[in-house]
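*Asks:* Fold the stuff below for me.
(one chain, ligands or ions: 2)
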Amino acid sequence: MQPFLYTSQPARVIFGAGKMAQLGQEIEALGARRALVLCTPQQRDSAQKVMRLLGDRAAGIFDQAVMHVPIESAREAREAARRLDADCAVAIGGGSTTGLGKAIALDSGLPIIAIPTTYAGSEMTPIYGITEAGVKKTGRDMRVLPRTVIYDPELTLGLPVALSATSGINAIAHAAEGLYSADGNPVMALMAEEGIRALGQALPAIVRDPRGLAGRADALYGAWLCGTVLGHVGMALHHKLCHTLGGSFNLPHAETHTIVLPHALAYNGRAAPDAMRRIARALGGTDAAQAVYDLARALGAPLALRDIGLRQQDLDRTLDIALQNQYPNPRPLEREALRRLLQNAFDGTRPSPD
Ligand SMILES: NC(=O)C1=CN([C@@H]2O[C@H](COP(=O)(O)OP(=O)(O)OC[C@H]3O[C@@H](n4cnc5c(N)ncnc54)[C@H](OP(=O)(O)O)[C@@H]3O)[C@@H](O)[C@H]2O)C=CC1
Ligand SMILES: O=C(O)/C=C\C(=O)CC(=O)O
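*Replies:* Ligands and ions are numbered 1, 2, ... in the order given. Model prediction:
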């Protein structure tokens, strides 16, 4: 056993079909009276359901959540919370909506209740991200960690299959990098392996039967575990590449994670053999990178960065940016090998160790 440091973060998690009905009690338990409900414009119906559930504890809806939290929408949401005299916020939706809640909490300390409807995992982390003048800045602050999380698989039944697949692999990426994190620990390793296992079984089940509650519940369970890993330990090369591709080239978040992950694992393979063994075992394969690639392919997910909007001429700039402010990584970052990694991800070829 290697030496480690383990610090746990407070979490109150309510999990189960129909558990959204418990929201009012949870707001009361926080000692709050007026909840601002956050959503994207497209998820307004869900927000209205929340309003009905809250009755006179509902302060209003702010429905302008946008991916990567532009500072303008953060400011508007903070102003809405003040104007409506909200003393808590309920974020119902994916990582974009949770991220908006975090932007309010960062400014005001308002407690957030998260009701996630994707597998991104932001609800379990003290990590926030805000985009200003085209640059996304992220940081950690315990004020933004949601105070209560309600995982209700019924709310994910309508998440399109394609998004379910890529969002699920986004979650797997947190756990995979958690297994070789510079500040990893045995508790997070247990959660990571179990999270990957749960998602590895749930995602094909969702593709077979998108409205099957059992597969949806297993996927949310995996997302919870993987999100917890992201919240507790640092990430590495894979997340750095994805943040570069998302932040500087506006590539879609979950799809980018899905395409890059097998290649990042192939790059790190020899430097992190125990993590790779655990990832492969969780997916029922013999090689971590190949198993993730095969899973993505079987789910019908995109496999090539060129298919989601990147151009060949963007690869060198991606590399230049990704090599700045490096995250700790088990294998040193080698420019030529990383350029080959990016080319493979761009072309969608099977990952190869380098
Ligand atoms: N801080 C952290 O710890 C983390 C932050 N993030 C951040 O979160 C964002 C990505 O999160 P992600 O969840 O992938 O993205 P979004 O929240 O943007 O959701 C992705 C897609 O899922 C759709 N969707 C969500 N819920 C439903 C539903 N119930 N039914 C149908 N469609 C639904 C959304 O549709 P629509 O837009 O129509 O609502 C959207 O098109 C990024 O900005 C990322 O950086 C991600 C992980 C961790
Ligand atoms: O960029 C953020 O908002 C913070 C973390 C993540 O997005 C994690 C991820 O890349 O999935």
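*Asks:* Ligand 1 contacts on this protein?
*Replies:* 40, 42-43, 67-68, 93-97, 99, 117-118, 120-122, 125, 127-129, 155-156, 158-159, 163, 167, 230, 253-254 (CB under 6 Å from any ligand atom). (C-beta placed from N, C-alpha, C; glycine too.)
*Asks:* List buried residues within the residues you listed.
*Replies:* 40, 43, 67-68, 93-97, 99, 117-118, 120-122, 125, 127-129, 155-156, 159, 163, 167, 230, 253-254 (16 or more other CB atoms under 10 Å).
*Asks:* among these, which are in strands?
*Replies:* Cross-referencing those against strands under DSSP state E gives G93, I127, Y128, G129.
*Asks:* from those residues, which is closest to I113?
*Replies:* Among these, G93 lies closest to I113 (CB to CB), at 12.5 Å.
*Asks:* can I assume that closest one is in contact with D45?
*Replies:* No: judged on CB atoms under 8 Å, G93 makes no contact with D45 at a distance of 11.5 Å.
*Asks:* for whichever strand or helix holds L342, packing partners?
*Replies:* Assigned by DSSP states H and E, L342 belongs to helix 335-347. Contacts defined by 3 or more CB pairs under 8 Å, 6 or more residues apart in numbering; DSSP states H and E place helix 335-347 against helix 253-268, helix 315-322.
*Asks:* for that helix, the distance to its chain's centre please.
*Replies:* From the chain centre to the centre of helix 335-347 is a distance of 24 Å (CA atoms, centre = their mean, to the nearest Å).
*Asks:* same thing with stretch 190-207?
*Replies:* With CA atoms, centre = their mean, you get 14 Å for stretch 190-207.
*Asks:* in it, what counts as buried?
*Replies:* Buried-residue list, stretch 190-207, by 16+ other CB under 10 Å: 191-204, 206-207.
*Asks:* quick one: which of those sit in helices?
*Replies:* 191-204, 206-207 (DSSP state H).
*Asks:* Return the helix holding L342 as PDB; C-alpha atoms alone will do.
*Replies:* The C-alpha trace of helix 335-347 is given here as PDB (Å, rounded to 0.1, in the frame of the first residue of the first chain):
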ATOM      1  CA  ARG A 335       5.300  16.500 -27.400                       C
ATOM      2  CA  GLU A 336       5.700  14.100 -30.300                       C
ATOM      3  CA  ALA A 337       3.800  11.200 -28.600                       C
ATOM      4  CA  LEU A 338       1.000  13.600 -27.700                       C
ATOM      5  CA  ARG A 339       0.800  14.900 -31.200                       C
ATOM      6  CA  ARG A 340       0.300  11.300 -32.400                       C
ATOM      7  CA  LEU A 341      -2.300  10.800 -29.700                       C
ATOM      8  CA  LEU A 342      -4.200  13.800 -30.900                       C
ATOM      9  CA  GLN A 343      -4.000  12.600 -34.500                       C
ATOM     10  CA  ASN A 344      -5.400   9.200 -33.600                       C
ATOM     11  CA  ALA A 345      -8.200  10.900 -31.700                       C
ATOM     12  CA  PHE A 346      -8.800  13.200 -34.700                       C
ATOM     13  CA  ASP A 347      -9.000  10.300 -37.100                       C
END
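*Asks:* Can you give the contact residues for stretch 184-199?
*Replies:* 1, 4-6, 8, 119, 168-169, 171-172, 174-176, 178-179, 181, 218-219, 221-226, 228-229, 232-233, 278-279, 281-283 (CB atoms under 8 Å, 6 or more residues apart in numbering).
*Asks:* Now list the buried members of the residues you listed.
*Replies:* Buried among those by 16+ other CB under 10 Å: 119, 168-169, 171-172, 174-176, 178-179, 181, 218-219, 221-226, 228-229, 232-233, 278-279, 282-283.
*Asks:* Least confident secondary structure element in this protein?
*Replies:* strand 135-140 (a mean of 89; mean pLDDT, DSSP states H and E).
*Asks:* Which strands and helices lie in contact with that strand?
*Replies:* strand 127-132, helix 237-249.
*Asks:* what packs against the shortest one?
*Replies:* Yep, that's strand 127-132 we're talking about. Looks like strand 127-132 contacts helix 71-83, helix 95-108, strand 135-140 (3+ CB pairs under 8 Å, 6+ apart).
*Asks:* Excluding chain neighbours, what is closest to the residue in the chain positioned nearest to ligand 2?
*Replies:* The nearest approach of the chain to ligand 2 comes at G129, 2.6 Å away (CB to the nearest ligand atom). Ranked by CB to CB, 6 or more residues apart in numbering and with sequence neighbours excluded, the top spatial neighbour of G129 is T138, at 4.3 Å.
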